[in-house]
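Chemist: Just the structure for this:
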Amino acid sequence: MSEPSSAALEAYLAWLRTELRKRGVLESRFVEETRGHLSDAIDAGVRGGQTFGTASDEAMARFGDPRVVAARFAAEKDRTLHSVLLGVALGLGLAIAWIDSRPHWDDAGITAGMLLLSSGMLGLMGPRRPWLWGLGIGAWVPMWMPARIFVQTHTVMFDPLLACFSLGVCIAGAHAGMALRKLMVRLTQPQV
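Modeler: Residues are numbered from 1 along each chain as shown. I've put the predicted structure just below:
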């Protein structure tokens with residue numbers, strides 16, 4: 001590789017890496033795969049009669065602006081991750097509500113702690129939709145509580161304060177996890 005074009009390719013990949021980090025993609029093989037695709041495109045251009053610099057510039061232009069490429073990659077990665085995390089959130093919320101509904105369980109502090117920690121972990125893993133993780137986990141306790149009260153007293157009662165508390169704890173925990181993730185990304189970004 002000639003020195004100016006190699007520097008241009010490395011600058012493109014560094015910009016792509018920075019854009020990925022801004023979108024929460026910390027470690028990814030995507031940059032190395034991009035390097036391989038661009039190298040192949042440059043080699044094809046040189047074999048087709050272009051100069052190395054022209055082939056390099058054309059390959060990077062065809063691949064796209066690093067901001068757009070990073071946004072598309074992060075969106076695709078997030079779509080899969082969010083589907084998995086939503087299932088985990090619903091499962092965790094249901095499990096916590098089931099534990100809280102046991103007849104001999106009488107520890108609201110541990111229940112609140114489980115809600116806070118589990119939603120915080122999901123906010124850390126999926127920082128783009130913390131409100132969804134909070135709802136997925138926190139909605140089960142107030143939904144399960146009327147059934148528990150009905151079984152014990154044969155009357156249907158809904159406690160709006162309990163609903164607000166459990167949802168508030170979960171949404172606060174998920175947003176705290178999101179904030180921690182953003183802080184971690186900011187601290188690990190190389191200073192330019």
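Chemist: distance of the residue nearest the centre of the chain from Ser83?
Modeler: With distances taken as Cα atoms, centre = their mean, the residue of the chain nearest its centroid is Gly126 (2.6 Å). Applying Cβ to Cβ, to the nearest Å, the value for Gly126 to Ser83 is 10 Å. The way it works is simple: take the backbone N, C-alpha and C, and place the C-beta from them, glycine included.
Chemist: Repeat that for Trp105.
Modeler: Noted for Trp105: a distance of 31 Å to Ser83, by Cβ to Cβ.
Chemist: for Val68, same thing?
Modeler: 24 Å.
Chemist: Compare Trp105 and Ser83 and say which is more crowded by neighbours.
Modeler: Each of Trp105 and Ser83 has its neighbours counted (other Cβ atoms under 10 Å); Trp105 has more, 13 against 10.
Chemist: and the residue of the chain most remote from its centre, backbone torsions?
Modeler: Residue farthest from the centre of the chain, counting by Cα atoms, centre = their mean, is Gly49 at 43.9 Å. Main-chain torsions, Gly49, degrees, to the nearest 10: phi 110, psi 0.
Chemist: Please verify my assumption that Lys22 contacts Ala70.
Modeler: Yes - counting by Cβ atoms under 8 Å, Ala70 is a contact partner of Lys22 at 7.4 Å.
Chemist: Settle it for me: which of these two has more neighbours?
Modeler: The neighbour comparison of Lys22 against Ala70 (other Cβ under 10 Å) goes to Ala70, with 24 against 15.
Chemist: Contact partners for that one?
Modeler: Neighbouring residues of Ala70 by Cβ atoms under 8 Å, 6 or more residues apart in numbering: 16, 19-20, 22-23, 25.
Chemist: Inside helices: which ones of those residues?
Modeler: Applying DSSP state H to the contacts of Ala70, the entries found in helices are 16, 19-20, 22.
Chemist: what's the burial count for Gly136?
Modeler: Look at Gly136: counted by other Cβ under 10 Å, it has 25 neighbours.
Chemist: so how far is Thr111 from the closest residue in space to it that isn't next to it in sequence?
Modeler: Once flanking residues are discounted, Gly136 sits nearest to Ala89: 3.1 Å by Cβ to Cβ, 6 or more residues apart in numbering. Using Cβ to Cβ, Ala89 is found at 16 Å from Thr111.
Chemist: distance of Val46 from Met121?
Modeler: Using Cβ to Cβ, we find Val46 at a distance of 49 Å from Met121.
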